[in-house]
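K.L.:
give me a 3D structure for the following:
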Amino acid sequence: MTNKEAPSVLPKPLGNYARWRQSGNTIYVAGVSARMPDGSIVGVQRHADGRVEFDVPTQTRRVLRNIEAILSEAGASLADCIDLTCYLVDQKDFTAFNATWAEFFGEHQPPARTTVVVRGLPHPDMVVEIKAVACIA
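P.N.:
Alright, predicted model coming up:
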């Protein structure tokens, strides 16, 4: 098994865990959020009246770009993904999530995917998280 440090374009993990691990030709990517290297989370708009709006497409794009960066350091790409588990905080976000997903994976041989609606994620501003498995030749 191998494990490498993430490049500075990625945020530090929120806990003591590997960002990714490799066993043979398979790469396992830990759950990835829309966090930026400075720790901020994209796709969140706070209003003066206290309302908070979440931009699911923006968060989804950032999550997938973060996964892309992690896979790149492992010598892989999104095209090598074989299975992804996706977590959404609100089932109403599924349509927007699915449309954004298609920007990255399209119709031609997309990976297997399971989408789960959860009560919450590690930070209240996170509304999308994705865990990936990729296989390289």
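K.L.:
the strands in this structure, which residues?
P.N.:
20-23, 26-32, 44-46, 52-54, 81-88, 112-117, 128-135 (DSSP state E).
K.L.:
most tightly packed of those strands?
P.N.:
strand 128-135 (a mean of 22; mean count of other CB atoms under 10 Å). C-betas here are computed from N, CA, C, even on glycine.
K.L.:
coming back round to it: the strands of the chain into TSV, with extra columns for mean pLDDT and distance to Ile70?
P.N.:
Shown next, in TSV, are the strands of the chain (pLDDT from 0 to 100; distance: least, CB to CB, whole Å):
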stretch	mean pLDDT	distance to Ile70
strand 20-23	97	5
strand 26-32	97	5
strand 44-46	96	22
strand 52-54	96	23
strand 81-88	98	11
strand 112-117	98	17
strand 128-135	98	8
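K.L.:
return the set of buried residues in the longest helix along the chain.
P.N.:
When the chain is parsed with DSSP state H, its longest helix is helix 56-73. For helix 56-73, a neighbour-count test (16 or more other CB atoms under 10 Å) marks 56-71 as buried.
K.L.:
that helix packs against which elements?
P.N.:
Judged by 3 or more CB pairs under 8 Å, 6 or more residues apart in numbering; DSSP states H and E, the packing partners of helix 56-73 are strand 20-23, strand 26-32, strand 81-88, helix 94-105, strand 128-135.
K.L.:
let me have the ones you listed in TSV, adding distance to Gln45 as columns.
P.N.:
Formatted as TSV, the helices and strands packed on helix 56-73 follow (distance: least, CB to CB, whole Å):
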stretch	distance to Gln45
strand 20-23	31
strand 26-32	22
strand 81-88	18
helix 94-105	15
strand 128-135	15
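K.L.:
which one of those lies closest to Val42?
P.N.:
strand 128-135 (10.4 Å; CB to CB).
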